[in-house]
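Q: Sequence plus the predicted model coming up.
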Amino acid sequence: MIQFGVAGNPQDFYDKGNKVSEQMPQYLSDFGLDLYEYQCSRGVRISDEKAKNLKKQSRKYGITLSVHAPYYISLSTQEEEKKKSTIKYITDTMIAAQKMGADRIVVHAGALLGLDRNYAVSSACQLLKLALDTADSMGLGEITICPETMGKINQLGNSREIIQMCQIDERLIPTIDFGHLYCRSLGKLITKQDWLEELSQYIDKLGYERMKYFHSHFSKMLYTTGGEKCHVTFENQESGPDFNIILDVLNTLQLEPRIICESAGTQSIDAKIMKDSYLKSKI
């Protein structure tokens, strides 16, 4: 079954009187959702006690956890000190994930930094390999790293580049951000055939078994000539992509990813809309 959940804490969570992330598992369970992606986007600062409590509550309410690594990671950096910092950001996130019982972390590819695209992705692959080796030496090998497709054209992280990164080790699983890919295409990923071709290349290069349960983000988005502009909500009728078309493709390809909703403040509401659409499609 496809699973659905949220990134961060939606506004409705606070409107209902909740205050801390350890309350999210019960909130999500009551909402009928399955997943919670804890955000370390501005740094890995979760305390051991909070991680322990989040793990306990997630297991109690049947919520599967993942963690988003800091946004300021840049896998293509050429500076030695920044390479060391990037590896530390990744392993710190993995440590936090291990403590809270999460099994996946999402990692941004970052900016091109003025580099040739092929050279940048080659550098990113080398740094990811170093991060994996470091993680293994620290006993973090059971945590899966999921490099994410990016939304701006001048960022590293189109589908071809994320596939290339994931090819360095069979444990790596892509985070396919449907909104980001839609923005990168400048709104040209529209039809079922478009999305069939987009997802089929992952299966062809990485194999069906690895792709069946891939990680993903979904939100409707607005874009400019440079790609991603901002996340919006399902109420925005002028934005894309169309989830029902993507759902049709996932069912056609028999894929069952984890889908994390990143709508602007309405993550839980929109994730529930997606889950209800999915369940209806299986009747």
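A: Yep, that arrived.
Q: okay, the residue nearest to residue 253 when sequence neighbours are not counted: pLDDT?
A: Beyond its immediate neighbours in the sequence, the residue positioned closest to residue 253 (C-beta to C-beta, 6 or more residues apart in numbering) is residue 199, lying 6.1 Å away. (C-beta placed from N, C-alpha, C; glycine too.) Residue 199 is assigned a pLDDT of 98 by the prediction.
Q: Next, residue 199: secondary structure please.
A: Under DSSP: H, G, I helix; E, B strand; the rest coil, the three-state class of residue 199 is helix.
Q: Equivalent analysis for residue 256, please.
A: Secondary structure, three-state DSSP: residue 256 is coil.
Q: still on that earlier bit, which ones are touching the residue nearest to residue 253?
A: 176, 211, 249, 250, 253, 255 (C-beta atoms under 8 Å, 6 or more residues apart in numbering).
Q: For residue 64, see how far away it is.
A: 22 Å (C-beta to C-beta, to the nearest Å).
Q: How far off centre is stretch 121-137?
A: Taking C-alpha atoms, centre = their mean, to the nearest Å, one finds the center of stretch 121-137 at 19 Å from the center of the full chain.
Q: ugh, wrong one, I meant stretch 215-235
A: Put simply, stretch 215-235 sits 14 Å off its chain's centre (C-alpha atoms, centre = their mean).
Q: Would you mark the buried spots in that stretch?
A: By 16 or more other C-beta atoms under 10 Å, the buried positions in stretch 215-235 come out as 215-223, 227-228, 231-234.
Q: Most widely separated two among those residues?
A: Of all pairs drawn from those, the one with the longest distance (C-beta to C-beta) is 215 and 222, at 23.5 Å.
Q: all strands for the stretch 51-200 of the chain, in order.
A: The residue ranges that make up the strands of the stretch 51-200 of the chain, judged by DSSP state E, counting those that start in this stretch, are 64-68, 104-108, 144-148, 175-177.
Q: Pick the most buried one from those strands.
A: When you average the neighbours per residue for each of those (mean count of other C-beta atoms under 10 Å), strand 175-177 leads with a mean of 27.
Q: tell me the contacts of residue 123?
A: By C-beta under 8 Å, 6+ apart, the contact list for residue 123 reads 75, 76, 77, 78, 115.
Q: go again using 10 Å as the cut-off
A: For residue 123, the contact set (C-beta atoms under 10 Å, 6 or more residues apart in numbering) comprises 74, 75, 76, 77, 78, 83, 113, 115, 156.
Q: Is the fourth one in contact with residue 127, as I believe?
A: Yes. Taking contact to mean C-beta atoms under 10 Å, the distance of 7.5 Å between residue 77 and residue 127 places them in contact.
Q: any shared contact partners between the two?
A: With C-beta under 10 Å, 6+ apart as the test, residue 77 and residue 127 both reach 83, 86, 110.
Q: Residue ranges in the stretch 1-150 of the chain under the pLDDT threshold?
A: Under the criterion pLDDT under 70, no range of the stretch 1-150 of the chain is flagged.
Q: and stretch 70-88, how far out from the chain's middle?
A: That offset, for stretch 70-88, works out to 19 Å (C-alpha atoms, centre = their mean).
Q: what about it, how long is it end to end?
A: Stretch 70-88 has an end-to-end distance of 11 Å (C-alpha to C-alpha, to the nearest Å).
Q: picking up where we left off before, looking at the strands of the stretch 51-200 of the chain, which is closest to residue 30?
A: strand 64-68 (16.1 Å).
Q: Measure how that closest one sits relative to strand 144-148, angle-wise.
A: Direction vectors for strand 64-68 and strand 144-148, defined by axes from the mean of the first three to the mean of the last three C-alpha atoms, to 10 degrees, enclose an angle of 60 degrees.
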